[in-house]
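Visitor: Sequence plus predicted model, see below.
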Amino acid sequence: MNILMVTNTFTPHVGGVAKSVAAFTETYRQRGHRVLVIAPEFENMPETEEDVIRVPAIQNFNGSDFSVRLPIPGFVFASLDEFRPDIVHSHHPFLLGDTALLVAASFNVPLVFTHHTMHEQYTHYVPLDSPQLKRFVIQLAAGYANLSDRVIAPSQSIAGILQGRGVETAIEVVPTGVNVPLMARGDGSAIRERMNLPPEVPVIGHTGRLAPEKNLRFLAETVAGFIAEQPKTHFLVVGEGSSKKEMETVFKNSGLLSNLHFTGSLKGQDLVDSYHAMDVFAFASKSETQGMVLVEAMAAGVPVVALDAPGARDVLVHGKNGWLLAEEDPAALVSALKEALSLSPESRKKLQQALKRTAEEFSMSHSADRSLALYTTLLSQEPSPKDTEDSLWDSALRVIEEEWKIWENIAQSAEAAFTDDNPTG
């Protein structure tokens, strides 16, 4: 079948949504389907890409590592006439999400929407964030979901949240799968050597975008406190982002900067090797919709400690395959890290068997089977009408656009007032 993927983030952007779209796209193509991706331009994107349409975008929006697309050029729709999608899969309810809605209606094909992100936890990237904006973003996503033919939630906990927010469209739980065989084959010594980490030192690891919504200050402060008690331990952080400086400051102020190691963004075998360099994986984010990096760590045989939150609780079972902490308590996290690092060889081997079983449940092959079966089911049914007029999505979108204009006007006026070289009055 011809599958159209529409996403606001894609390679080379490093993040859960970009990784998910890329992983599903690759797997579908391996199974003989044609996949066309519409995504914004990003810095350092590949010069040549197979079946990818890039649209102009504003880079590094408001200090984030996201891009914001500009109006869609006409050549996109000309390309779609040639492609003739059988199904449209949208990965966001705004920006390019409205393009996905328009394309599905134009071709009278099913629209699938994956609710990857708790968008209200990302409104700090918008100037003068407000509780009202958070509420409208929640309404926007719920309204968009109800204009779709099927909603995919990456975890059961997110499916429950969506239903509580008024999503009436049928929801399927399909997590982004992990390439389990690839993750199992790694050489941790290669990364340790590169980062000047001796083979015998204990290493606490973390992987992901280094962004405020990932709760990294709490993680850095707690790990620094642990290392202050266990000075031979080191902290290996894989990723890039605006919170890197804050994490460095925490360790510098603790006199432990030499115990902190940043690899930058990694991919492919380097990413796999980084997991194998870790003795325990620590995760404090409460903004996830699924625990993808947790599953990657498990597939690499690394014990996981995480805060109880959507996504994490769908992967971790406390006392069975890791440590799931009920509260954001530094003492509890320190205790769990100590326990994980002091496992006997026999206990660690038993835990790794549990980790492998969990990882297999979240394999990419299994996830692709489920999503392709969903596509097939939808293609046998009549697509729902995509009438956005007076919908919750449309009204929320208008409110957000108006609030944006108000704040933009205030910001421009303030800037003019403080920078005008020739004030009047």
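Guide: Arrived safely, thanks for sending. Keep in mind that what you see is a predicted model, and the values were worked out from it rather than measured.

Visitor: going forward, measure contacts between C-alpha atoms and count neighbours the same way
Guide: OK.

Visitor: So what's the residue count around residue 197?
Guide: Look at residue 197: counted by other C-alpha atoms under 10 Å, it has 20 neighbours.

Visitor: Likewise for residue 105?
Guide: Counted by other C-alpha under 10 Å, the residues lying close to residue 105 total 18.

Visitor: do the same with the one 5 residues further on
Guide: By the other C-alpha under 10 Å criterion, the neighbourhood of residue 110 contains 28 residues.

Visitor: can you check residue 39 too?
Guide: When neighbours are defined as other C-alpha under 10 Å, residue 39 has 23 of them.

Visitor: so it touches residue 53, yeah?
Guide: Yes - using C-alpha atoms under 8 Å, residue 39 is in contact with residue 53, at 6.4 Å.

Visitor: What part of this protein, helix or strand, is modelled with the least confidence?
Guide: helix 392-419 (a mean of 47; mean pLDDT, DSSP states H and E).

Visitor: partners of the strand with the most length in the chain, with directions?
Guide: Assignment by DSSP state E gives strand 34-40 as the longest strand of the chain. Its sheet considered, strand 34-40 pairs with strand 2-6 (parallel), strand 52-55 (parallel) by DSSP bridges.

Visitor: comparing those strands, which gets the lowest mean pLDDT score?
Guide: For these, the weakest mean pLDDT is recorded on strand 52-55, namely a mean of 91.

Visitor: how far out from the middle of the chain is it?
Guide: What separates the centre of strand 52-55 from the centre of its chain is 20 Å, taken as C-alpha atoms, centre = their mean, to the nearest Å.

Visitor: Can I get that strand in CSV, CA atoms only?
Guide: Provided in CSV are the C-alpha atoms of strand 52-55 (Å, rounded to 0.1, in the frame of the first residue of the first chain):
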residue,chain,number,x,y,z
VAL,A,52,10.9,12.4,1.5
ILE,A,53,9.3,15.8,0.8
ARG,A,54,10.8,18.7,2.8
VAL,A,55,8.9,21.9,3.4
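
Visitor: ok, now which ones touch residue 299?
Guide: Listed by C-alpha atoms under 8 Å, 6 or more residues apart in numbering, the contact partners of residue 299 are 180, 181, 183, 184, 355, 356, 359, 360.

Visitor: Quick one: buried ones out of these?
Guide: Buried members of the contacts of residue 299, scored by 16 or more other C-alpha atoms under 10 Å, are 180, 183, 184, 355, 356, 359, 360.

Visitor: Could you identify the most distant pair in those?
Guide: Distances among the buried ones among the contacts of residue 299 were taken as C-alpha to C-alpha; the most separated pair is 183 and 355, at 12.1 Å.

Visitor: Quick check: end-to-end length of stretch 226-239?
Guide: End-to-end distance of stretch 226-239: 21 Å, with C-alpha to C-alpha, to the nearest Å as the criterion.

Visitor: buried set for that stretch?
Guide: In stretch 226-239, counting by 16+ other C-alpha under 10 Å, buried: 226, 227, 228, 233, 234, 235, 236, 237, 238, 239.

Visitor: Tell me the spacing between the third one and residue 189.
Guide: Read that as residue 228. Per C-alpha to C-alpha, residue 228 is found 25 Å from residue 189.

Visitor: Also the last one?
Guide: Taking C-alpha to C-alpha as the measure, residue 239 falls 19 Å from residue 189.

Visitor: go on, residue 241?
Guide: 25 Å.

Visitor: and if you look at residue 291?
Guide: Separation of residue 291 from residue 189 (C-alpha to C-alpha): 26 Å.

Visitor: swap in residue 288?
Guide: Distance from residue 288 to residue 189, counting by C-alpha to C-alpha: 30 Å.

Visitor: One more: residue 210?
Guide: 24 Å.

Visitor: Who has more neighbours out of those two?
Guide: Using other C-alpha under 10 Å as the criterion, residue 210 and residue 189 rank with residue 210 on top: 25 against 17.

Visitor: was I right about the more buried one contacting residue 241?
Guide: Yes - applying C-alpha under 8 Å as the test, residue 210 and residue 241 come out as touching, 4.2 Å apart.

Visitor: Any regions of this protein where pLDDT drops low?
Guide: Along the chain, segments meeting pLDDT under 70 span 14, 57-73, 119-133, 386-425.

Visitor: What are the structural domain limits within the chain?
Guide: For the chain, automatic domain parsing gives the domain ranges 2-177+366-417, 180-362.

Visitor: what's the first-to-last distance across the shortest one?
Guide: The one in question is domain 180-362. Here the two ends of domain 180-362 are set 8 Å apart, with distance taken as C-alpha to C-alpha.

Visitor: now stretch 207-223
Guide: Using C-alpha to C-alpha, the end-to-end distance of stretch 207-223 comes out at 14 Å.

Visitor: Identify the residues contacting that stretch?
Guide: Contact with stretch 207-223 is made by 14-15, 121-122, 235, 237-244, 246-247, 250-251, 282-287, 293, 330, 333-334, as judged by C-alpha under 8 Å, 6+ apart.

Visitor: Likewise for stretch 372-380?
Guide: Stretch 372-380 is contacted from outside by 86, 87, 109, 110, 149, using C-alpha under 8 Å, 6+ apart.

Visitor: List the ones among those residues that fall in strands.
Guide: Residues from these lying in strands, with DSSP E as the criterion: residue 87.

Visitor: Quick one: which of the contacts of stretch 372-380 is the most crowded by neighbours?
Guide: Among those, the one with the most neighbours (other C-alpha under 10 Å) is residue 110, at 28 neighbours.

Visitor: In contact with it, which residues?
Guide: Residue 110 is in contact with 86, 87, 88, 104, 148, 149, 378, 379, 382, 383, 384, counting by C-alpha under 8 Å, 6+ apart.
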